[in-house]
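>>> Everything below, folded, please.
(2 chains)
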Number of protein chains: 2
Amino acid sequence: MNSVIETIQGHRSIRSFTDTPVSKEQLDTIIASGISASSSSLLQVVSIIRVTDQDKRAKLAQLAGNQAYVESAAEFLVFCIDYQRHYAMNPNVKPEFMELTLIGAVDSGIMAQNCLLAAESIGLGGVYIGGLRNAPDEVDALLDLPPYTAVLFGMCLGEPDQDPQLKPRLSPQVIVHENSYQPLDHALIEQYDQTMLEYYRSRSSNAKQQGWSEQITTKLSQESRPYMLDYLQRKGLAKR
Amino acid sequence: MNSVIETIQGHRSIRSFTDTPVSKEQLDTIIASGISASSSSLLQVVSIIRVTDQDKRAKLAQLAGNQAYVESAAEFLVFCIDYQRHYAMNPNVKPEFMELTLIGAVDSGIMAQNCLLAAESIGLGGVYIGGLRNAPDEVDALLDLPPYTAVLFGMCLGEPDQDPQLKPRLSPQVIVHENSYQPLDHALIEQYDQTMLEYYRSRSSNAKQQGWSEQITTKLSQESRPYMLDYLQRKGLAKR
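Below is the predicted model of the structure:
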């Protein structure tokens, strides 16, 4: 196993950081790594808002559901879909298609993962913050996001002050299908539920008593941020 | 610069492959790397369809806009949003929220980038195939995708049979903003247009005479796959 695969497969989300700052050289490397990512048709539709203002950090931490590490991490980056850039180059562009929002979301994931892996490879750690979508309008206003841009997620980065276990994932037999979609093998989910119950029992904090399937389907039986389509459409995106 | 950052920053899309197969061990490593990725709330909403059937490959290559490497690459993986898995566990789940489609798109990008980097780290190369969205219904039918799943993009993987240049990207000054969104600095775009014109002049194939901004805004002034929102909604996704 080479060091790239070790870094990738050794990923744990880090939510507790030391006070050590991320150096300019480290940050430049992380950003350059993100920008090296594949970009659909070279459209380059992602912007990153680096939040250094501590008042904004505190507000974002609160909006994300009181995730204190959003405030305390050495760096906090917000990944946004950005077609404002293209509109500023030519007001005839048509950013309103769902297709372009999909490209923005996929390409943000690709770019952000490059950033996270580059950070992890130099001894830093981080975590994605989807909680920014708890309050997209407030985050949007705080970061002065113009039309044709939309907030997607944040990322905390810093020197780890914890060393969590790897979190078990669904097995490749569940994730990978050959040639045709294969119906779910419920026995594999039962096995995974057991694995997750053991994982939750063994970890020191945030112990849970439910298996994965119960926990996740309970969550998905509720409404999931039902304002997101409206938010995107108000920003001029995902309209058709 | 460590080997992780070298791999990330050395990325070029590879569209020409030798006949050498990807070994089972290599593929297992690539898949395990994908599955190690962060997953929003551990929902695990991505499925990969590995296409080994040569008739399906030929059809997909055609649907993607006659991209022959979709047929000839050693491996072809199709990344899909998948809430069918959760529906099969509990029919009370509500996959119809735009929020969940965004999670599917972002998490597919994160997972796929882990796969691509793992492949690149062991001497393979690859390219994302957004062209599957030229004909989402046909791809969907070909892969027997059930409700609450949707095709996002493909990925060719194999041993490179070409050694293309790095493609220049927008500078960090364009991509990264501090605390607030900053309006576009048109001078940086003019510089990048010059850089891209030189890049296109220097490369042997597919020479282009336009700068980046003209090329991209011309593309974005047309309709972008205007059927994608309908497709997602017919699959039970992105409805509200």
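>>> Tell me the bridge partners for A:Asp82.
Taking DSSP bridges as the rule, A:Asp82 bridges to A:Thr149.
>>> quick one: the worst-scoring helix or strand of chain A on mean pLDDT near chain B?
In chain A, no helix or strand scores lower on mean pLDDT, DSSP states H and E than helix A:186-202, which sits at a mean of 95. Yes: residues of helix A:186-202 contacting chain B under CB under 8 Å from any CB of the partner chain: A:186, A:189. For glycine as for every other residue, the C-beta is placed from the backbone atoms N, C-alpha and C.
>>> nearest residue to A:Thr101 other than its sequence neighbours?
Setting aside the residues directly before and after it, A:Thr101 is nearest to A:Ala238 in space (CB to CB, 6 or more residues apart in numbering or on different chains), at 4.4 Å.
>>> The one you found: neighbouring residues, count only.
By the measure other CB atoms under 10 Å in any protein chain shown, the count of residues near A:Ala238 is 30.
>>> Then A:Pro91?
Using other CB under 10 Å: A:Pro91 sits among 9 other residues.
>>> the domain parsing of chain A - what is it?
A:3-165+A:226-234, A:172-217 (automatic domain parsing).
>>> And the closest residue to chain B within chain A, how far from A:Ser16?
Of all residues in chain A, the one sitting closest to chain B is A:Gly109 (2.5 Å; CB to the nearest CB). Separation of A:Gly109 from A:Ser16 (CB to CB, to the nearest Å): 24 Å.
>>> between those two, who's got more neighbours?
Taking other CB under 10 Å, A:Gly109 and A:Ser16 do not tie; A:Gly109 has more neighbours (30 against 17).
>>> show me the residues around the residue nearest the centre of chain A that make contact.
Centroid-nearest residue in chain A, with CA atoms, centre = their mean: A:Tyr128, separated by 3.7 Å. Neighbour list for A:Tyr128: A:13, A:112, A:116, A:153-155, B:38, B:40, B:110 [criterion: CB atoms under 8 Å, 6 or more residues apart in numbering or on different chains].
>>> Save those residues as TSV, and put in neighbour count too.
Output for those, formatted as TSV (neighbours: other CB atoms under 10 Å in any protein chain shown):
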residue	neighbour count
A:Ser13	15
A:Ala112	27
A:Leu116	31
A:Phe153	24
A:Gly154	28
A:Met155	24
B:Ser38	24
B:Ser40	19
B:Ile110	26
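>>> Surely A:Met155 is in a helix?
No: checked against DSSP: H, G, I helix; E, B strand; the rest coil, A:Met155 lies outside a helix; its state is strand.
>>> what about the residue nearest to it when sequence neighbours are not counted, which helix or strand?
If the residues on either side of it in the chain are set aside, A:Met155 comes closest to A:Leu77, at 4.8 Å by CB to CB, 6+ apart. A:Leu77 is part of strand A:75-82 when elements are defined by DSSP states H and E.
>>> Mind giving me the packing neighbours of that strand?
When contacts are defined as 3 or more CB pairs under 8 Å, 6 or more residues apart in numbering or on different chains; DSSP states H and E, strand A:75-82 packs onto strand A:46-50, helix A:54-63, helix A:98-121, strand A:149-158.
>>> you'd agree A:Ala112 is up against A:Phe79?
Yes: here A:Ala112 reaches A:Phe79: they are 5.3 Å apart, a contact under CB atoms under 8 Å.
>>> And the pLDDT at the residue nearest to the residue of chain A closest to chain B when sequence neighbours are not counted?
Closest residue to A:Gly109 apart from its sequence neighbours, by CB to CB, 6+ apart: B:Gly109 at 2.5 Å. On pLDDT, B:Gly109 comes in at 98.
>>> surely B:Gly109 meets A:Leu102?
No: B:Gly109 lies out of contact with A:Leu102 (CB under 8 Å); the separation is 9.9 Å.
>>> End to end on stretch A:79-93, go ahead and measure it.
End-to-end distance for stretch A:79-93: 22 Å, by CA to CA, to the nearest Å.
>>> So what touches that stretch?
Under the contact criterion CB under 8 Å, 6+ apart, stretch A:79-93 has outside partners A:43-49, A:95, A:100-101, A:104-105, A:108, A:111-112, A:143, A:145-155, A:236-237, B:174, B:181, B:183-184, B:186, B:189, B:213, B:216-217, B:220-221.
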